[in-house]
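Asks: Structure for this input, please:
(chains A and B)
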Amino acid sequence: GAGVSQSPSNKVTEKGKDVELRCDPISGHTALYWYRQSLGQGLEFLIYFQGNSAPDKSGLPSDRFSAERTGGSVSTLTIQRTQQEDSAVYLCASSLRTGIYGYTFGSGTRLTVV
Amino acid sequence: AQTVTQSQPEMSVQEAETVTLSCTYDTSENNYYLFWYKQPPSRQMILVIRQEAYKQQNATENRFSVNFQKAAKSFSLKISDSQLGDTAMYFCAFMNVEGSQGNLIFGKGTKLSVKP
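Replies: Numbers count the residues shown, from 1 in each chain, chains lettered A, B, ... in the order given. Down below sits the predicted model:
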């Protein structure tokens, strides 16, 4: 597509429920990144996919967080047993292989856990 | 580990004036890239300007320019002729490309308000 598309735009969920956030990157971009932006904070790296290589999961805050990327395109970030501290904006970005020309970001999903 | 510091949580400027946002970073690497991103209320991060560390010449993009001081590890953003549409959060970011996967490391941001 023309840009990075994320859905849903906003999600309100009850504590303890599982949520799935979706990211559709720019066609042809082999690299895909997930970041978390808590209120008033910068962006916290979560996970990185590059082509068919094993993802870099070093930023995932706990084992309740997981992500997959199917067919080298669409990615889903799953948060199990959500907690209130998971409330944040989750941003997805994609880039050409190395990202040295910058990332293209989506508009994010605002997750609110009540 | 690399870190990025933006020491100005908030700034304001009058329309048509010039403002400079500060950014410092810490790295032991010699080859890297630096970026400024803008995040308006729509939440989408927009790339403003990019600098390659091995280039001494400061990058410019229309009203936006940087002052890159490699020895001081400083990378400030200057916005000239500020416009109301420049109101946004601005994030400085660092990318090390020596044997890395190109992960961007962000500062905590500066909230810029342009006043009419």
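
Asks: Show me which helix or strand of the chain is least confident by mean pLDDT.
Replies: I went with chain A, as the question did not name one. In chain A, no helix or strand scores lower on mean pLDDT, DSSP states H and E than strand A:43-50, which sits at a mean of 92.

Asks: not quite, I wanted chain B
Replies: strand B:104-106 (a mean of 91).

Asks: What are the buried residues along it?
Replies: By 16 or more other Cβ atoms under 10 Å in any protein chain shown, the buried positions in strand B:104-106 come out as B:104-106. Quick note: C-beta positions are derived from backbone N, CA and C, even for glycine.

Asks: Out of the residues you listed, flag the one nearest to B:A71.
Replies: Nearest to B:A71 out of these is B:I105 (Cβ to Cβ; 20.1 Å).

Asks: Please list the residues of chain A that sit near chain B.
Replies: A:31, A:33, A:35, A:40-43, A:45, A:48, A:50, A:56, A:89, A:91, A:93, A:95, A:98-108, A:110 (Cβ under 8 Å from any Cβ of the partner chain).

Asks: so who does the spatially most central residue of chain B touch?
Replies: With distances taken as Cα atoms, centre = their mean, B:W36 lies nearest the centre of chain B, 3.2 Å away. Going by Cβ atoms under 8 Å, 6 or more residues apart in numbering or on different chains, B:W36 touches B:21, B:23, B:47-49, B:64, B:66, B:75, B:77, B:90-93.

Asks: same check, this time on A:S66
Replies: Taking Cβ under 8 Å, 6+ apart as the contact definition, A:S66 lies against A:60, A:77-78, A:80.

Asks: count of neighbours near B:Y25?
Replies: Using other Cβ atoms under 10 Å in any protein chain shown, B:Y25 is surrounded by 19 other residues.

Asks: Can you read off the pLDDT for it?
Replies: B:Y25 is assigned a predicted lDDT (pLDDT) of 97.

Asks: Hmm, it is touching B:L34, no?
Replies: Yes. The pair B:Y25 / B:L34 is scored as a contact, 7.2 Å apart, by Cβ atoms under 8 Å.
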